[in-house]
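Student: Fold the stuff below for me.
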Amino acid sequence: MGVRLMVVDDHRLLAEALASALKLRGHRVLAAAAPAAGAAELVITRAPEVCLLGTATPAEPGIFDPVVKIKRERPQVAVLVLGPVPSPRGIAAAFAAGASGYVRHDERIEGVERAIMKARAGEAAVAPQLLQGAFSELLNPAAQPDDEGQRLLQMLTPREVEVLVRVADGEDTRLIAAGMGIAPSTARTHVQRVLMKLGVGSRLEAAALAARTGLLDRAGPIPHSQPPETETGMGTGAGTGLGTEAGAGPEAL
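Tutor: Numbering: from 1, shown residues only. The predicted structure follows:
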């Protein structure tokens, strides 16, 4: 029997993609919402069986305040946190706030579904390897932990970072072009460069990677829309060979 769910994440594209996948597997998704800041009120009103709450910064102070509020007002709702590879502080903070489990952003849908079923049954839903990794780091802290998000951010130009943020917000090529004041062909080229530099094959994969590593939070807010440039002299791919994606239509990017 399907579970009554809510999916909440600051990045709308991720929330909607996960909600669609869960619907296809027979679950009833009451809402796929963004931003996560208003999650508590929405969950308290809709009262799902399980709430999937996405965060890119599990160790940030106060990030799980919505979980505390949900458990106070709706103790029967199981909250399952979706996030990057957590630090010991992040795992501890999630469970201390009342979360029923923690699942990595890059977990397969089957793993997410297993965690949902455990959470609904009142069981703790966290992979043993996550706990092992967290406690190993706690007992043997690295002197300088690898910051994947910062490394990826340094690979992208400011324009490409803005494109990635807009992709994660669910904007298509036309919206990206309008928001940045560039031609659609230029926007497609920027998207292709971002995918190539991140080593992924789709917008969804790029958004998931950026969320998992915390890159989006480091990127900051995107600027306001600018007047669009014309297509004059650009051409498909602006001479870069990246204007279109092999086997995809004009809006595949």
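Student: Show the low-confidence segments of the protein, by residue range.
Tutor: 1, 34-37, 86-87, 133, 137-138, 140-147, 220-253 (pLDDT under 70).
Student: Next, the buried residues of stretch 179-191.
Tutor: For stretch 179-191, burial by neighbour count (16 or more other C-beta atoms under 10 Å) applies to 179, 180, 182, 183, 184, 185, 186, 187, 188, 189, 190, 191. In this view, the C-beta of every residue, glycine as well, is placed from N, C-alpha and C.
Student: where exactly do the helices run in this protein?
Tutor: 12-24, 39-46, 65-73, 88-97, 109-120, 128-139, 148-155, 158-168, 173-180, 184-198, 203-213, 215-219 (DSSP state H).
Student: Make CSV from those helices and add distance to residue 5 to it.
Tutor: What follows is the helices of the chain, written out as CSV (distance: least, C-beta to C-beta, whole Å):
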stretch, distance to residue 5
helix 12-24, 6
helix 39-46, 10
helix 65-73, 14
helix 88-97, 18
helix 109-120, 7
helix 128-139, 21
helix 148-155, 28
helix 158-168, 22
helix 173-180, 28
helix 184-198, 29
helix 203-213, 19
helix 215-219, 23
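Student: Could you point out which of the ones you listed sits nearest residue 3?
Tutor: Of all those, the one in closest proximity to residue 3, counting by C-beta to C-beta, is helix 109-120 (5.5 Å).
Student: From the chain's centroid, how far away is that closest one?
Tutor: Relative to its parent chain, helix 109-120 has a centroid offset of 18 Å by C-alpha atoms, centre = their mean, to the nearest Å.
Student: Quick one: list the elements packing against it.
Tutor: On a contact count with 3 or more C-beta pairs under 8 Å, 6 or more residues apart in numbering; DSSP states H and E, helix 109-120 meets helix 12-24, strand 50-54, strand 78-83, strand 101-104, strand 125-126.
Student: which outside residues touch the third one?
Tutor: Where contact means C-beta atoms under 8 Å, 6 or more residues apart in numbering, the residues beyond strand 78-83 that reach it are 9, 18, 43, 49-56, 58, 64, 67, 70-71, 90, 94, 98-105, 112, 115-116, 119-120, 122, 125, 212.
Student: are any of those buried, and which?
Tutor: Buried among the contacts of strand 78-83 (16+ other C-beta under 10 Å): 9, 18, 43, 49-56, 58, 64, 67, 70-71, 90, 94, 98-105, 112, 115-116, 119-120, 125, 212.
Student: what residues are up against the closest residue to residue 152 other than its chain neighbours?
Tutor: Excluding the flanking residues, the one nearest residue 152 by C-beta to C-beta, 6 or more residues apart in numbering is residue 215, at 5.3 Å. Residues near residue 215 by C-beta under 8 Å, 6+ apart: 149, 152, 153, 164, 209.
Student: tell me the contacts of the closest residue to residue 201 other than its chain neighbours?
Tutor: Setting aside the residues directly before and after it, residue 201 is nearest to residue 195 in space (C-beta to C-beta, 6+ apart), at 6.8 Å. Residue 195 sits next to 201, 202, 203, 205, 206, 253 when contact means C-beta under 8 Å, 6+ apart.
Student: hang on, residue 214 packs against residue 84?
Tutor: Yes. In this structure, residue 214 is within contact of residue 84 by C-beta atoms under 8 Å, at 6.2 Å.
Student: Find the residues that touch each one of those two.
Tutor: residue 56.
Student: out of the contacts of residue 195, who's nearest residue 131?
Tutor: Nearest to residue 131 among the contacts of residue 195 is residue 205, at 26.6 Å by C-beta to C-beta.
Student: For burial, what's the neighbour tally of the closest one?
Tutor: Using other C-beta atoms under 10 Å, residue 205 has 14 other residues around it.
Student: And it, how far from residue 185?
Tutor: 23 Å (C-beta to C-beta, to the nearest Å).
Student: again with residue 168
Tutor: 22 Å.
Student: do the same with residue 47
Tutor: Residue 47 is 47 Å from residue 185, by C-beta to C-beta.
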